[in-house]
Structure formats: structure tokens, C-alpha cells
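J.: the sequence and its predicted three-dimensional model are supplied below.
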Amino acid sequence: ALIAACSRAAGVKGSRGRVEEGLLVLQRMQEAGIEPDVVSFNSLIDVCAKAARVWGSVGVSQACRVMGMMAECKVEPDTMTFNCLLNAHAQAAGAGQVYSWDEVFGVLELMKEKGLEPDVYSYNCVMNVCAKTTRTATTRRPVHLEWGWDRGLEVLAHMKDNGVQPDVVTYTALLDTCLNSLRAAGDDESVRHGRSVLDMMREDGI
């Protein structure tokens, strides 16, 4: 409950200090002989994700640190664990941090190695990284070579190949990627791509 309170506070203030407070609570639990479970660790990674809105890569680094602690405590991550980590990447991307395709998609691959299947939230986080990083390309053009419309379609294809139905969040992020690609490269094709997103939404009944 205390770690969850830190998570709610981080959502308001986006403070790195909330992450440290959560880590301290975890330490106090262990000192009292209370072993943290996956819910405790997930709550703390969620704190890191919310801090990443402001502090960017620091939040992601802290989330990875917490996952390392999970391994030390022999607590197996679940889908929520990885979704919180992916959300940390998406929040950091919104703060201007740039991650490579391999870094972000590697989280999905790690999930599968653990016997977990990415869900719609997992893929939506990756799609949001795509949209936000493409937006960053408006000022840092080399990024556009790695992220953009083609990557967005690749995420969508992976979703469908794995039996995950895209939702309105998925297509909104893909449409955002189109608009950001247009701003980054002045690509007239992005207008046509935008129309194709709307067509895909209609086909999926959205």
C-alpha cells in the first residue's frame, strides 16, 4: 500500500524522489522479514514509469534496477511487470529520450522468453514510443531513419501475427506517427498514409 501511494504521488509530481521512497519501503519490508512479491515490484516499476514523464531515461534506468532486484529476490516478472517497463520507455520517449528499435522491441522478446505473451497494452506502449520518437525527429532528423511510419506498420503487423487485436489507442498512435513523419520529413505520402489508418480502423470496426 505504501509503494502504491508512492506511485500515485509520482503521477502527480513526477519526482525521482518518489522512486527512492519506494525503494526505501521495499528495503524496510525486507528488514522486517516481509518478502516483496510481484505486486510490490510492479508498483515500484510503475513509480519509475511515472517519474520518466519528467526525468526521461532516469526513470527507465530505475525501472531496470528494480527488475534486477526482482531477479535477486527470485520473484518472477509477469505481464504487468513488462508493461510497466514498456510504459516507462514510452513516458521517457515523450520527454525526448530516444531509444533504438532493438532496445524497445527487445522487451517484448524478453517477455516471450519468460513464457509471457505481450497484450494490447504492451504493443500500444511500443506504438507510443514510435509516435513520440518520430515527433522528436522534427528537431533531430537522424531519428527518423529508425522510427516512423514503416516501424508503426511493423508493430501493427506483429500485433496481428500474434493474435492481438489493435484498438483505438493503437491506431491513434499510428496516426500520430503519420503526422509526426510529415512534420519531420515533409513527406506528402504521410497524408495518404493517414487516410489508410482511418481505413484500417473502419475495417477493424473502430
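T.: Sure thing, it's come through.
J.: roughly how far apart are Val58 and Val129?
T.: Going from Val58 to Val129 by C-beta to C-beta, to the nearest Å gives 17 Å. Backbone N, C-alpha and C define where each C-beta goes, glycine included.
J.: quickly find the element holding Asp102.
T.: Counting by DSSP states H and E, the element that carries Asp102 is helix 101-113.
J.: to clarify, my last question referred to Val98.
T.: Per DSSP H and E, there is no helix or strand for Val98.
J.: quick one on the thing from earlier: more crowded one of Val58 and Val129?
T.: Val129 (30 against 17; other C-beta atoms under 10 Å).
J.: three-state assignment of the residue nearest to the more buried one when sequence neighbours are not counted?
T.: Among residues not flanking Val129 along the chain, Ala93 sits closest, at 4.7 Å (C-beta to C-beta, 6 or more residues apart in numbering). Recorded secondary structure, Ala93: helix (DSSP: H, G, I helix; E, B strand; the rest coil).
J.: if we can go back for a sec, mind giving me the packing neighbours of the helix or strand following the helix holding Asp102?
T.: Following helix 101-113 in sequence order, the next helix or strand is helix 120-136 (DSSP H and E). Helix 120-136 sits against helix 79-94, helix 101-113, helix 149-161, helix 168-185, with contacts defined as 3 or more C-beta pairs under 8 Å, 6 or more residues apart in numbering; DSSP states H and E.
J.: got the buried residues for helix 120-136?
T.: For helix 120-136, the neighbour count (16 or more other C-beta atoms under 10 Å) marks 121-136 as buried.
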